[in-house]
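Asks: okay, sequence plus prediction incoming.
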Amino acid sequence: MTNVGIVLVSHSLELVKGLEELLNQIKQSVPIAIAGGTDENEIGTDVFKIKQAIQSVYSEKGVAVLFDLGSALINAELALEMLDDTKYIKIADAPLVEGAYAAVVQSGIGGTLVEVIGSAEETKNLQKIIR
Amino acid sequence: MTNVGIVLVSHSLELVKGLEELLNQIKQSVPIAIAGGTDENEIGTDVFKIKQAIQSVYSEKGVAVLFDLGSALINAELALEMLDDTKYIKIADAPLVEGAYAAVVQSGIGGTLVEVIGSAEETKNLQKIIR
Amino acid sequence: MAFTVDEAKLWLINLNKIYQQEKMYLSELDQAIGDGDHGINMARGFNELNKKLETAEYHTTADLFKDAGMVLLSKVGGASGPLYGTAFIKAGGALKDKEEVTKEELAAALFESLEGLKLRGKARLEDKTMLDVWIPAIEFLQNHPKVDWDEFKKLVKEKMEGTKKLEAKKGRASYLGIRSVGHIDPGAASSYLLFVELARVCEGVGL
Amino acid sequence: MAFTVDEAKLWLINLNKIYQQEKMYLSELDQAIGDGDHGINMARGFNELNKKLETAEYHTTADLFKDAGMVLLSKVGGASGPLYGTAFIKAGGALKDKEEVTKEELAAALFESLEGLKLRGKARLEDKTMLDVWIPAIEFLQNHPKVDWDEFKKLVKEKMEGTKKLEAKKGRASYLGIRSVGHIDPGAASSYLLFVELARVCEGVGL
Ligand SMILES: Nc1ncnc2c1ncn2[C@@H]1O[C@H](COP(=O)(O)OP(=O)(O)O)[C@@H](O)[C@H]1O
Ligand SMILES: Nc1ncnc2c1ncn2[C@@H]1O[C@H](COP(=O)(O)OP(=O)(O)O)[C@@H](O)[C@H]1O
Ligand SMILES: [Mg+2]
Ligand SMILES: [Mg+2]
Ligand SMILES: [Mg+2]
Ligand SMILES: [Mg+2]
């Protein structure tokens, strides 16, 4: 793969399914994987789903992980610990939806993992409303 | 209604359905309404859906509107313009998922509209990962 | 001769044909710097509008514009929907119950459209949006007592092409930052088409 | 007498019974400052674990703990899942292939659990989490060559109740800020139960 992969982690499977659909509109060339809900697709997160999602878009170009709430982070970090080589995997400190949008745009133009994570984290400073 | 209502606007119907489910876990007493997708439930937003969602949770306690991308804002502002009394309706400059979570918590403890919008907007400064 | 409800209708019917023809082109422009749906959006919205125009009867340009705006508002989808919708609704509002619209009145109505676009989208000149066509177009119409429509068409074409060199500050394309340079803004392209068709209709009635 | 795989199993089986009994109570605590599912989460996870324990055979406490951790990891759901899962996996890792576990070894293993909890959750003392029970509990076990289990039970109860006065800094409850004060942390409550059942089993074998 020539583009940084994006993994979307949420407590809700439906939420990340919708987000994926929204993102797929922008750039088809960006590998996107989702990990939503518990192993029974209830509200929660599942470390094995996250691990699998990361693996499914893994390349040395890198993987950027975005998540919704703190408890998803616990499982995301645990998933990383279960993987052998995590040099090319980074978790973004960014809002899920807005960060994922920026990440996909940046990955779509061939950005590096550091640039993709940077774009995602920049959305914290995004002024959404001009008053 | 004694709690501030929350309206979730997204380009994806699925996304806000999932988000609503996640939020309903926290506090049942907070009125939540969603407006996702176009009138044919494709990716996009619809001014009439937003207007209706606002009306469905409207009270003088107030309504806080959260949205995903800038184009949703255009329709949200247009929806507000179509309503007669918008004194008690505010759009939050906040990330959709994180902002909505904080907004529901704040509304759940009886916060005012200003407090609810404030909590939502505060999540911009939320450090999601401690490094 | 003057601009009446028949010209208004002709404009929108022709515009629908153009947007159906240019659907792929507009979407390709949007693929480069947005989400690739602008052509689909415009084609869908104007197709719905066309259907409506085939059956509904309007006595004034104002009524037709207002109704057209409402259709576009909800059927285009995407940011351009509420923008074009607002533009037509505002123009309709300005024309009131006039049966024959002079060039001055048309220009004034379209000025109101532009004000609506600015209010809704909060974009400025050179933000690489449809406004980069709208602002000079309206200025031209207001500043020329007698419009040379060929000059007008040349102007909007230039302005549309001029968005190529701009960096996007509004809408989805703004996420690309400097990488948005080198591409024509899709909304500027659809607005260019809108003004070209308007020019044709106006020429036809010697406005 | 010593702590063997039988005691480990008994502990977890008893714990399952307790979590089924206290399901409503734990969820009510979570309703006040979280999303109201902690009891459901623990009951679900331990029910799955119980099923597993009924059929699987383990030769060492280490194997049993590691397997238990894996079940909790994926079946509890919520933040407490990876936390309790990690705790058991780390304890299992520390115990290696020991058949009889001494009090010192058990304390050392649970210290590894605590390190795992800190690494995963990044919470500190007084952040109003399960750590507010774990930290003093492990300290007590490590500092007392011979443990008075009644004292231990008294201690963890106190610490669990002590979370009431704290303001949450971690997990969902932190969104409440100062409003989280006045409620016992649900994870502290489930950890209290975990240690009480451990104490009972240890008393039973005179550890
Ligand atoms: N805030 C804005 N102000 C003015 N025009 C805008 C604004 N946002 C977007 N546009 C215009 O809308 C066009 C995109 O329309 P479209 O693709 O239909 O919507 P979307 O971006 O929601 O997919 C852009 O090319 C731009 O000209
Ligand atoms: N970062 C953390 N570190 C330690 N414990 C935590 C952390 N986050 C949450 N907890 C514990 O988990 C408990 C909540 O568990 P649970 O309700 O099952 O998960 P969730 O909050 O995802 O619904 C809290 O009461 C707290 O004790
Ligand atoms: Mg588009
Ligand atoms: Mg679109
Ligand atoms: Mg919970
Ligand atoms: Mg939960």
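Replies: Received it, and whenever you're ready, just let me know what you need. Ligands and ions are numbered 1, 2, ... in the order given.
Asks: residue C:167 belongs to a helix?
Replies: No - read with DSSP: H, G, I helix; E, B strand; the rest coil, residue C:167 is coil and lies in no helix.
Asks: for it, list the residues it contacts.
Replies: Counting by CB atoms under 8 Å, 6 or more residues apart in numbering or on different chains, residue C:167 makes contact with C:128, C:177-178, C:180-181. To be clear about C-beta, it is placed using only N, CA and C from the backbone, and glycine gets the same treatment.
Asks: got it, and residue A:105?
Replies: Residue A:105 makes contacts with A:26-27, A:119, C:175-176, as judged by CB under 8 Å, 6+ apart.
Asks: any residue of the worst-scoring helix or strand of chain A on mean pLDDT up close to chain D?
Replies: Every helix and strand of chain A was ranked by mean pLDDT, DSSP states H and E. The lowest is helix A:70-82, at a mean of 94. Yes - under the criterion of CB under 8 Å from any CB of the partner chain, chain D is reached by helix A:70-82 at A:70-71, A:74-75, A:77-78.
Asks: kindly indicate the member of these with the most neighbours.
Replies: The most neighbours of any of those, using other CB atoms under 10 Å in any protein chain shown, belong to residue A:75, which has 30 neighbours.
Asks: which SS state does the residue in chain A that ligand 6 sits nearest to fall under?
Replies: Going by CB to the ion, ligand 6 is nearest to residue A:44 of chain A, at 5.7 Å. Classification of residue A:44 by three-state DSSP places it in coil.
Asks: let me have the residues of helix A:70-82 next to chain D in a markdown table, extended by distance to ligand 6.
Replies: Output for the residues of helix A:70-82 next to chain D, formatted as a markdown table (distance: CB to the ion, whole Å):
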| residue | distance to ligand 6 |
| --- | --- |
| A:70 | 11 |
| A:71 | 7 |
| A:74 | 12 |
| A:75 | 12 |
| A:77 | 18 |
| A:78 | 16 |
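Asks: distance to residue B:33 added to the residues you listed, as JSON lines?
Replies: Shown next, in JSON lines, are those (distance: CB to CB, whole Å):
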{"residue": "A:70", "distance to residue B:33": "26"}
{"residue": "A:71", "distance to residue B:33": "26"}
{"residue": "A:74", "distance to residue B:33": "31"}
{"residue": "A:75", "distance to residue B:33": "30"}
{"residue": "A:77", "distance to residue B:33": "35"}
{"residue": "A:78", "distance to residue B:33": "35"}
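Asks: can you tell me which of those is nearest residue C:40?
Replies: Checking those against residue C:40 by CB to CB gives residue A:75 as the nearest, at 37.9 Å.
Asks: show me the contacts for that closest one.
Replies: Residue A:75 neighbours (CB under 8 Å, 6+ apart): A:9, A:45-47, A:50, D:81-82.
Asks: point out where chain C drops to low pLDDT.
Replies: Within chain C, the ranges that satisfy pLDDT under 70 run C:1.
Asks: please repeat the previous calculation with a cut-off of 50.
Replies: Applying pLDDT under 50 to chain C flags no residue at all.
Asks: okay, helices next: where are they in it?
Replies: With helices called from DSSP state H, chain C shows them at C:5-21, C:23-33, C:38-55, C:61-75, C:80-95, C:103-121, C:131-143, C:149-162, C:186-204.
Asks: wait, does the third one make contact with ligand 4?
Replies: This points to helix C:38-55. No - under the criterion of CB under 5 Å from the ion, ligand 4 is not reached by helix C:38-55; the shortest gap measures 6.6 Å.
Asks: quick one: the helices in chain A?
Replies: Counting by DSSP H, chain A has helices at residues A:13-24, A:47-56, A:70-82, A:96-108, A:113-122.
Asks: contacting residues around the closest residue to residue C:29 other than its chain neighbours?
Replies: The shortest distance from residue C:29 to any non-neighbouring residue, by CB to CB, 6 or more residues apart in numbering or on different chains, is to residue C:186 (4.1 Å). Contact partners of residue C:186, counting by CB under 8 Å, 6+ apart, are C:26-27, C:29-30, C:33-34, C:38-39.
Asks: once you drop chain neighbours, what's closest to residue A:86?
Replies: Excluding its sequence neighbours, the residue lying closest to residue A:86 (CB to CB, 6+ apart) is residue A:80, at 4.9 Å.
Asks: burial count for the closest residue to chain D within chain C?
Replies: When scored by CB to the nearest CB, chain C has residue C:175 as its residue closest to chain D, at 28.6 Å. Counted by other CB under 10 Å, the residues lying close to residue C:175 total 27.
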